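Undergrad: Give me a 3D structure for the following:
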Amino acid sequence: MPIRPVPSGPRRQPPRRGVRPLLVAALGGVLAAGTLAPAVAGAADLPQQEPGVTLRTYATPPLSELCTLKSGQTPNVDKLMSGIDFTSDADFGLADNFVAHVTANLTLATPGTYAFRLTSDDGSRLELDGTRIIDNDGLHGTESVEGSATLDIGVHEIFIEMFEATNGQRLLLEWKTPGSSNFVPVPNSVLSTEAGVVRVTAPGTKYCEGSEDSAGDGLRLDAVNPNYELVDLRPAGFQPKVSGLAFTEGGELAVLTTGSVSAGGWVPNAQPGEVFLLSGVQEADGPEDVTATKVATGLKNPMGIDIIGDEIFVSERHQLTKLTDPDGDGTFDVRTKVAGWPDGGNFHEFAFGLVHDDENFYLNLSVAIDNGGATTSPQPAADRGTTVKVNRATGEVDFVAGGLRTPNGIAFGPDGELFAMDNQGGWLPSSKLVHVEQDRFFNHYTNPAGRFDAQPVTQPAVWIPQNEIGNSPSTPILLEEGPFAGQMLFGDVTYGGLQRAFLEQVEGEYQGAVFRHSAGFEVGVNRVIVGPDDALYVGGTGEGGNWGEGGKLPYGLQKLVPVGDEAFDITSMELVDGGFRLQYTEPLSEETVAEIADSYRAKQWRYLPTSNYGGPKLDEEVLSVASAVVSEDRRTVTLQIDGLKQGRVVYLRSPRPFASESGKELWSTESWYTLNTLPGYVSPADRGWYEAEEASLTGGAKADWEHSGYSGAGFAGGMWNAGSAFTFTVDVDAAGTYPVNVRYSNGPNPAPGTKDVALYVNGERIGPWAFPSTVDWKTWATVTRELDLVAGANTISLRYESGTKGNVNVDVLSVGSATDICTPAAIEDGYRGLFDGTLASLDDWRMAGPGGFGRQDDCSIRGEGGLGLLWNRTEELTEYSLKLDWKLVADHNGGVFVGFPNPGTDPWVAVNQGYEIQIDATDAVDRTTGAVYTFQAADNEAVAAALQPVGSWNAYEIVVRGENLKIYLNGVLVNDFTSTQPARDLAGFIGVQNHGGGETVSYRNIRVKDLDEPAALAISATSEVRCKAGKATLTVLATNDDTVPADVTLTSEFGEKTFADVQPGATVFQTFTTRRAAVEAGTASASAVGDGRTGEASAPYAAKSCS
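TA: Next up, the predicted model:
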């Protein structure tokens, strides 16, 4: 029977800028209202509301003005606030370097002219119903700007965007209602936001659109791939939140719906999942050609559907269910349980996907999570986060693989192999596509441990870098025809659209690249299948809040009909010796070939899975494309790329213009290749050095970087949780007794003094291991213990269990007599090392402000986290030469600070009372490399000639004498600055900056030399009194006896005269009139200034009478 229309209306979409114009005109500095602006909706038209506003905060690189965030990025903070009056870090959820968006519905009962005042620190803007009312942008303290608009009764949409650089933050919206004379905060009683929404958040830095970015070239695609025609398939009233798609033998499309789900918890009065059969979809030119019939209901959040003959199978939360229609009435109302699996009653326990072969069904089980996204500990049910197979004949359940979190999709891929998609979260720094085989473990640990947790970790076939090409990826499918045959497509609920994965086998394992493929759908894509007609059928879902593609419906169903190979695109990215081979769908144009050597940009990074939600890129570095060779048919480009490393994601971009022979621009210019295996790559030798943040951290233990001075990317913390453990796997060549060293910190919490943990070696409890106090958490120490180890792999576990005190942080564990992998760097005579590459040399440094610095394997230090200052506390310097090396991995920002007093914990002391020697590839001229930040630009030509490119090491020498500061870049003088600021003195401490906002600078070999008092300039002087017309005159002569030019000043009691730029060996003189008939004996003087030195000479003269 035909489906009855759903009674609820379509979900109202977020405002599109400029769609509903408020007629406003500029009047002085205030925007004045014009005609009455109608309400965008009545209260009855809105989804269910709750009082307040939605605040979303995004961590960003440092900004000086508002920007447009790249779409598809998840906020770091998403929360309900009572009003728009924010003052603290706690209000915004972040401290510095962020963008905040506030959305709300403003419900008015009275028409008229409303005045608004927007106060912020830093910049902000206010829009009503899509039209800008107030612009308060720019770097500034707390400032207010007013604007007004004439508004009708009803609901009006508020959108405020604001950015915060550093120091204090503020955001306040006030109004004057018609007839009022005073501004007051807009009250909670007129503000509302959608109720019960999903508030998904993710860590990491979010990015703004660049001036050179466009859709498919630095940004998400925004249109349908020209290889297809998009056809709508939803008949009137049909609003499916799609969780599964399959075709019947008769050619009807089965559409499975999710029922009520939420990433934030159970939904009250939940709607059931249902099955619909759609006829006419293959021939349809539009929704009018489609008929939808409901054939099953009452399903519990089914997330997969499969059809075999006349039987429909669906994967519900707790079981695999067979649906049949034995009486042939068109309703599949007989439900048979085929198999069940553990279900702990958690809202996030789903059974994702459903495929079959001749013997089994396959699907994935997700783990239980807490509201907010953290993996529930302990898990309420066993064997979650697994791939399951169900015997089709018996219903017997077997577990294939584990270590999954939210595996939203499963499919047969190349070579008939099984692949699953998993989503970012705990133990997943980014989303990924994995190759499923028996007994594999994919790195998501649970408590209690899952049946596969002890297996070696299997790396993903491809990483899907978060917010760059994915966010909430969904079921993959295999393409069997067309230009991308053998590759896989997958959708994304939040990032949206379809992406494409090229896979190849390297040394027996799959790895490959991901590309953007198509956008332009009505909904974030949750399921895609290939139909019998070779069209792609696409269904999606979304929830209120931000789990779903922004600006799209929370339901949808469409198809992509192939119309030809119209797009110019990258077909594949294959690994070759020393680089990659890129194949294109069309020949490159001659113009593109002519510039091919300069057409590619590359970089690489790695991920570190930890128990934390998500994770940053680590060891990011720019790569040099050494050569690009174009094939004779111009369809293939082979790149040689220097510095490729195994275990990295390699990012490649060929920015437009990059055209084909037919004149088409490249459809999508970027690719991300997961380089798990690089043939011929020689991994660094095992040095017996094991970073704690890369150990197995369980029971509430976690990776952290709150305190500076650690080794690697962080340290292991969280040992305040009973049952927490740090477990290391170490290798030795031969069995024996070895010294095992642990670098740790033991601060005063929860109580000062020695603490202990339980020590296990290869599963056997050895006893407690004591860790003496380090007084505070910023100080690191090392303890050593002799342990018996077997040849090969050993596990060493530090556990907080009953009878021990726990509560220590661990930085690194090492095996052997050496307690460091770095030795002091070589330095020049006369210099002393402040940071020489060793961990011990970091003891004299302290972090002021947020963020931290970690010592890397190459013996450099690298900043992470918020804006802070690593300063050397050993001594205040006066006149000195400071040398160090630094390296950027991108157009990031850092600096060297000199001449500031003890900052304590406040990095702004150095900013306000010292000077920063800037490190920044691009910015205002007084804020780029070599500049004294905001005080004096460097010599740009000298910098350009001396500077090594991004990704290379550069050297600074900073010479301080008195109030003069000279900056040498790679041996070239690029800035000569003299301080004239009374509040600033070049004498003081030195430090290096971590700028925060994801900006990374590395430093190494920091050393200093005290400068001796410079030799005085050589100058000689004579004087003589003579008579002229009865009056005495005094002549003073001076000679520059030095080797450098100098400014010479002659001084007597009768006057003073300065001569500029007196060359070596030159003599100057001045005759002073006395207007006296006689003078007493006296002394004149000569002084010289030059080359940062001074010199003086006296010139006595005898008494003389001229009368």
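Undergrad: wait, is V528 part of a strand?
TA: Yes. The assignment for V528, made by DSSP: H, G, I helix; E, B strand; the rest coil, places it in a strand.
Undergrad: begin at 55 from here
TA: Will do, 55 is the new start, and the previous item becomes V582.
Undergrad: bridging residues for it?
TA: Beta-bridge partners for V582, by DSSP bridges, are V592.
Undergrad: Could you do A350 as well?
TA: Assessed by DSSP bridges, A350 has beta-bridge partners V329.
Undergrad: how about it, what does it touch?
TA: E328, V329, I366, V368, L377, T385, F386, D387 (CB atoms under 8 Å, 6 or more residues apart in numbering). For every residue, glycine as well, the C-beta is placed using N, CA and C.
Undergrad: hmm, which of these are the buried ones?
TA: E328, V329, I366, V368, L377, T385, F386 (16 or more other CB atoms under 10 Å).
Undergrad: before we move on, what SS does the last one have?
TA: This points to F386. Taking three-state DSSP, the label given to F386 is coil.
Undergrad: secondary structure element for the closest residue in space to it that isn't next to it in sequence?
TA: Closest residue to F386 apart from its sequence neighbours, by CB to CB, 6 or more residues apart in numbering: L377 at 3.9 Å. Under the criterion of DSSP states H and E, L377 resides in strand 373-378.
Undergrad: quick one: average pLDDT of that strand?
TA: Mean pLDDT, strand 373-378: 98.
Undergrad: got the contact list for the next helix or strand after that strand?
TA: Next helix or strand after strand 373-378 toward the C-terminus (DSSP H and E): strand 388-394. Defining contact as CB under 8 Å, 6+ apart, one finds that strand 388-394 is touched by 352, 367, 372-380, 415, 444, 449-451.
Undergrad: ok, and the most crowded of those residues?
TA: L374 (26 neighbours; other CB atoms under 10 Å).
Undergrad: From P510, how far off is that one?
TA: Distance from L374 to P510, counting by CB to CB, to the nearest Å: 30 Å.
Undergrad: sorry, back to before: out of the buried ones among the contacts of A350, which is nearest to V617?
TA: Each of the buried ones among the contacts of A350 was checked against V617 using CB to CB; the closest is V329, at 30.8 Å.
Undergrad: you'd agree the closest one is up against T312?
TA: No. Judged on CB atoms under 8 Å, V329 makes no contact with T312 at a distance of 11.8 Å.
Undergrad: about what we covered before: residues touching the residue nearest to F386, list them.
TA: V329, V349, A350, E365, I366, F367, V368, F386, D387, V388, R389.
Undergrad: Just give me the closest of the residues you listed to R707.
TA: The closest of the contacts of L377, once distances to R707 are taken by CB to CB, is V368, at 41.8 Å.
Undergrad: so that closest one touches L353, yeah?
TA: Yes. With contacts counted by CB under 8 Å, V368 reaches L353, the gap being 6.0 Å.
Undergrad: Now for those two: what residues contact both?
TA: L310, G327, V329, T375.
Undergrad: is A567 in a bridge, and if so with what?
TA: Note on A567: beta-bridge partners by DSSP bridges are F556, Y727.
Undergrad: Just the pLDDT for it.
TA: For A567, pLDDT reads 99.
Undergrad: do you know how far it is from V704?
TA: With CB to CB as the criterion, A567 and V704 are 8 Å apart.
Undergrad: Could the C-alpha coordinates of the longest strand anywhere in the chain be exported in CSV?
TA: As assigned by DSSP state E, the longest strand anywhere in the chain is strand 672-684. Output in CSV follows, covering the C-alpha atoms of strand 672-684 (Å, rounded to 0.1, in the frame of the first residue of the first chain):
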residue,chain,number,x,y,z
LEU,A,672,52.4,14.7,14.8
ASP,A,673,55.8,15.3,13.2
GLU,A,674,54.2,17.3,10.4
GLU,A,675,56.8,18.3,7.9
VAL,A,676,56.9,19.9,4.4
LEU,A,677,58.3,17.6,1.7
SER,A,678,60.3,18.6,-1.3
VAL,A,679,59.1,17.4,-4.7
ALA,A,680,62.4,16.7,-6.4
SER,A,681,61.1,16.0,-9.9
ALA,A,682,57.9,15.5,-11.9
VAL,A,683,58.0,13.4,-15.1
VAL,A,684,55.1,13.4,-17.5
